[in-house]
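mind folding the following:
(one chain, ligands or ions: 1)
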Amino acid sequence: MEYIVKDIKLAEKGKKSIEWAENHMPVLMEIRKRFQEEKPLKDIKIGACLHVTKETAVLIRTLKAGGADIALTASNPLSTQDDVAAALASEGIRVYAIKGETREEYYKFIEMVLENEPIITIDDGADLVTTLHKGKGNINTVIGGTEETTTGVLRLKAMADKKLLKYPIIAVNNAETKWDFDNIYGTGQSTIDGILRATNILIAGKKFVVAGYGHCGKGIAIRAKGMGARVIVTEVDPIKALKAVMDGFDVMPMREAAKHGDIFVTATGNKNVIRREHIELMKDGAILANAGHFNVEIDINALEEMKKEKRKINDFTDEYILNDGRKIYLLAEGRLVNLVAAEGHPSEVMDMSFSNQALCIEYIVKNYHKLEPKVYDVPREIDEEIARLKLKKMGIEIDTMTEEQINYIKTWWEGT
Ligand code: ADE
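The predicted structure is shown next:
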């Protein structure tokens, strides 16, 4: 089948939204210009499982300009921008994605991407790669892949540790030009955006609990603080907890934070971080949202068991009335609130993340015969090139080292 989208008539709207993203993704557009001329991906079949957003469309158009043949599906059942999916379908991309698709459809669409027999995979969360490793599609012809997010990288490393990973994958997530920007500023801003679009709650003065102080949690905490919230961080990692303390946040266990919070956001990558014992302690009116990749961080089953009644307040907010009369609000059904209730990370940060994707895919095509079935970091040259280009596009100049300085940092005998 050529495509499965909600409504192909949404294509014109989607094209305008993609054009907006293109105007804010200058680095990727520069790469596209070169790809158009050099065709480094000529006849390369790519299978992609990404959030189907306007920014993803800019990446897909860039890969197509490089000569690739692409099939795309969503990396989350609720994150698809249906107009964007329609626009891509109208341009000849095999897109299988509908916002609100069922879990069964989600995996069926992944299988449809694999039926196109990609030789390169692009994944966000590793569902495409794990489905391929569970026997769907033809893994033997795959030469390599990339992974966009922390959760996916952790899953792939677990596979590699057990010697189960069958082809090389570059952890795009771990590039400095990705996680130091996308995860911090992208997740930070868009998570607040999602909470506001769902609730329009005043952040100032609220007790805002962030579970997890990795790159994403840190981004959310600093943005919430910037809007006047009193931020509490919960952690299991002593080093991250210490960083949160020294960044000026209150740190305490969830069993304590649960009593104080007005708004809770999970960003840990782990499951049941907010569970029954915590919900039992929460204030009437507490709002729960998740910014981690999977919908496992808030124990929704516990909420379901504890409820007397449930109402939909709007598209992204469910009200759970508990047996004791307290109301607890769950946003975006516990899925990524920034992508479900808002539009995901802004184009300017996805510019760097997806430039890493484009250049790493080109790198795989050129170097796959030298790579082993393990998880690789993004080559340093790619990371630095993206930073250089981004600064240039932002009109910012930096210093260069003098000859004397270059020599100085290479020596060890000169002291005070
Ligand atoms: N992940 C987070 N934000 C995203 C976006 N805007 N597009 C694609 N993937 C994303």
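
quick check: the residue in the stretch 301-416 of the chain that the ligand sits nearest to vs H24, distance?
As assessed by C-beta to the nearest ligand atom, the ligand sits closest to G344 within the stretch 301-416 of the chain, at 2.9 Å. C-beta coordinates here come from the backbone N, C-alpha and C atoms, glycine included. From G344 across to H24, the span is 13 Å (C-beta to C-beta, to the nearest Å).

can you check S355 too?
If you measure S355 against H24 using C-beta to C-beta, the figure is 13 Å.

contact residues of the stretch 151-300 of the chain facing the ligand?
G186 (C-beta under 6 Å from any ligand atom).

ok, 8 Å please
Within reach of the ligand by C-beta under 8 Å from any ligand atom, the stretch 151-300 of the chain has these residues: 182, 186-187, 190.

mind checking which of these are in helices?
Using DSSP state H to define helices, the subset of these located there is 187, 190.

and the residues of the stretch 151-300 of the chain next to the ligand as CSV, adding neighbour count and pLDDT?
Converted to CSV, these look like this (neighbours: other C-beta atoms under 10 Å; pLDDT from 0 to 100):
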residue, neighbour count, pLDDT
D182, 30, 94
G186, 26, 97
T187, 29, 97
S190, 26, 98
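
closest to the centroid, which residue in this structure?
Closest to where the C-alpha atoms of the chain average out (C-alpha atoms, centre = their mean) is T149, at 5.3 Å.

hmm, back to that, the residue of the stretch 301-416 of the chain closest to the ligand and L50 touch, don't they?
No - the criterion here is C-beta atoms under 8 Å, and G344 misses it with L50 at 10.3 Å.

list the residues that contact the residue of the stretch 151-300 of the chain found nearest the ligand.
Nearest to the ligand, among the residues of the stretch 151-300 of the chain, is G186, at 6.0 Å (C-beta to the nearest ligand atom). Going by C-beta atoms under 8 Å, 6 or more residues apart in numbering, G186 touches 219, 344-346, 349-350, 353.

if I look at it, how far off is I143?
On the measure of C-beta to C-beta, G186 and I143 end up 29 Å apart.

ok, K390 next?
K390 is 29 Å from I143, by C-beta to C-beta.

equivalent analysis for T131, please.
Taken as C-beta to C-beta, the span from T131 to I143 is 18 Å.

ok, N367 next?
For N367 relative to I143 (C-beta to C-beta), the value is 10 Å.

tell me which of these two has more neighbours.
I143 (17 against 14; other C-beta atoms under 10 Å).

who are the contact partners of the residue nearest to that one when sequence neighbours are not counted?
The shortest distance from I143 to any non-neighbouring residue, by C-beta to C-beta, 6 or more residues apart in numbering, is to Y368 (4.1 Å). Shown in contact with Y368 (C-beta under 8 Å, 6+ apart): 143-144, 168.

quick one: which of those residues sit in strands?
Residues of the contacts of Y368 located in strands (DSSP state E): G144.

report how many residues lie close to R230.
17.

okay, it and A198: tell me how far apart.
21 Å.

so E372 is in contact with I169, correct?
No - with contact defined as C-beta under 8 Å, E372 does not reach I169; the gap is 10.8 Å.

neighbour count: those two, which is higher?
Higher neighbour count among E372 and I169: I169, with 30 against 9, using other C-beta under 10 Å.

and that one, what are its bridge partners?
G145, V375 (DSSP bridges).

quick one: it and L132 touch, right?
No - using C-beta under 8 Å, I169 is not in contact with L132; the gap is 11.1 Å.

what is in contact with those two at once?
Residues touching both I169 and L132 by C-beta under 8 Å, 6+ apart: T121.

okay if I get the contacts of Y368 as a markdown table plus pLDDT?
Output for those, formatted as a markdown table (pLDDT from 0 to 100):
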| residue | pLDDT |
| --- | --- |
| I143 | 98 |
| G144 | 98 |
| P168 | 98 |
